[in-house]
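Novice: Sharing a sequence plus its predicted fold:
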Amino acid sequence: NGFIALIIFGISIFLLTKNISLSKNIKEKIFPNTMAFMELQNNVNQVRLFLTNVSANRGSEGFASGIKQAETHFNNANEITDKLLETNKNNPEIHDNLKKIKSNLNNFFTVGKKMVNDYINKGTGAGNVAMYDFEVSVEKLFMPLLFSVDECKNQLEENIEEINTRTEFMQIFFVNASVIIMALSIIIAIVIANRIVKPLKNLLLRLDDISHGEGDLTARLEIQTKDELFEIAKSFNNFIQKIQSVIQDIRKLANQLAESSEELSTTSMGFSENTQNQAASVQEITATVEEISGGMENIADNTVTQFT
């Protein structure tokens, strides 16, 4: 159970690390890149807008400052491009596009200023010709720019989708892992319970057997594990061993007592016979004494008779 939990923890750390890495990549690279390209695109649009408006109004009052504003946005676009070149130097595809953007941006602004000058100084015909060249430069600039913007958006979407996919996988993984862990926990709990309950039941049966006087004192509890139940079984077996030894000693003493009783009985019978024999001898001696006494009385009587 602990090993499975360790595996799940390891997989979780791996997935979380991947998500953190993707989030960090989005936060530090892709999102800033995307915002920078969008800002670059906005500045290019502003340059285009101001140059077009100044050209359309022939530099009339209110639009004279349009060139300066266009130049400000152009400088901003140049700065953003330089930063993007630095941050994307390890991304060959985007870096190559940025080089094209840098070159096309300078050409775009040069052609745009020429268009404004032609409209103001040379008239509509020359301005229209310059506008055609300007639109061509706009198209050359926007192709790599839009490609880079789309590339950054795609990277952002792919990373977000990958994070969502990993997050969904983690959710499903954790649900399944939880179910597996619960099932294994139940199985392990049942196995452990059986390993605990079975020896206890055996111990109870042995105690019950002994309490009813039918115990087999040669039987012993057997437990394979080295735990508290093993210690209980060991103490119980030692207790039964001592009882068995005591009963064996009592049995030996009983046998010895029986043998001594039998010997005593035999001795008593021999002593009784001797006593009876001695009693018979005493009777015989008594009878003899009485006969002698009777004979002496007769002699005494005869003697008295003679002297009288």
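Specialist: On my side now, so go ahead.

Novice: Helices of the stretch 101-250 of the chain, start to end?
Specialist: For the stretch 101-250 of the chain, the helices defined by DSSP state H, counting those that start in this stretch cover 124-211, 228-307.

Novice: Reformat these as a markdown table; add distance to residue 85.
Specialist: C-beta: built from backbone N, CA, C; applies to glycine. Formatted as a markdown table, these follow (distance: least, Cβ to Cβ, whole Å):
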| stretch | distance to residue 85 |
| --- | --- |
| helix 124-211 | 11 |
| helix 228-307 | 73 |
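
Novice: Make CSV out of those helices and add mean pLDDT, distance to residue 100 and mean neighbour count.
Specialist: Below are these laid out as CSV (pLDDT from 0 to 100; distance: least, Cβ to Cβ, whole Å; neighbours: other Cβ atoms under 10 Å):
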stretch, mean pLDDT, distance to residue 100, mean neighbour count
helix 124-211, 81, 4, 14
helix 228-307, 69, 79, 11
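
Novice: Of the ones you listed, which is nearest residue 70?
Specialist: Judged by Cβ to Cβ, the one of these that comes nearest to residue 70 is helix 124-211, at 11.9 Å.

Novice: Show me what the closest one packs onto, helices and strands only.
Specialist: When contacts are defined as 3 or more Cβ pairs under 8 Å, 6 or more residues apart in numbering; DSSP states H and E, helix 124-211 packs onto helix 2-25, helix 31-56, helix 92-117, helix 228-307.

Novice: Return the first one as CSV; C-alpha atoms alone will do.
Specialist: The C-alpha atoms that make up helix 2-25 are tabulated as CSV, following Å, rounded to 0.1, in the frame of the first residue of the first chain:
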residue,chain,number,x,y,z
GLY,A,2,2.8,2.4,0.9
PHE,A,3,4.7,1.4,-2.3
ILE,A,4,1.6,2.2,-4.5
ALA,A,5,1.1,5.5,-2.6
LEU,A,6,4.8,6.3,-3.4
ILE,A,7,4.3,5.6,-7.1
ILE,A,8,1.2,7.7,-7.2
PHE,A,9,3.0,10.5,-5.4
GLY,A,10,5.9,10.3,-7.9
ILE,A,11,3.5,10.4,-10.9
SER,A,12,1.7,13.4,-9.3
ILE,A,13,5.0,15.2,-8.8
PHE,A,14,5.9,14.5,-12.4
LEU,A,15,2.6,15.8,-13.8
LEU,A,16,2.6,18.8,-11.6
THR,A,17,6.2,19.6,-12.6
LYS,A,18,5.2,19.4,-16.3
ASN,A,19,2.3,21.7,-15.7
ILE,A,20,4.4,24.1,-13.7
SER,A,21,7.0,24.1,-16.5
LEU,A,22,4.3,24.8,-19.1
SER,A,23,2.8,27.5,-17.1
LYS,A,24,6.2,29.1,-16.5
ASN,A,25,6.9,28.9,-20.3
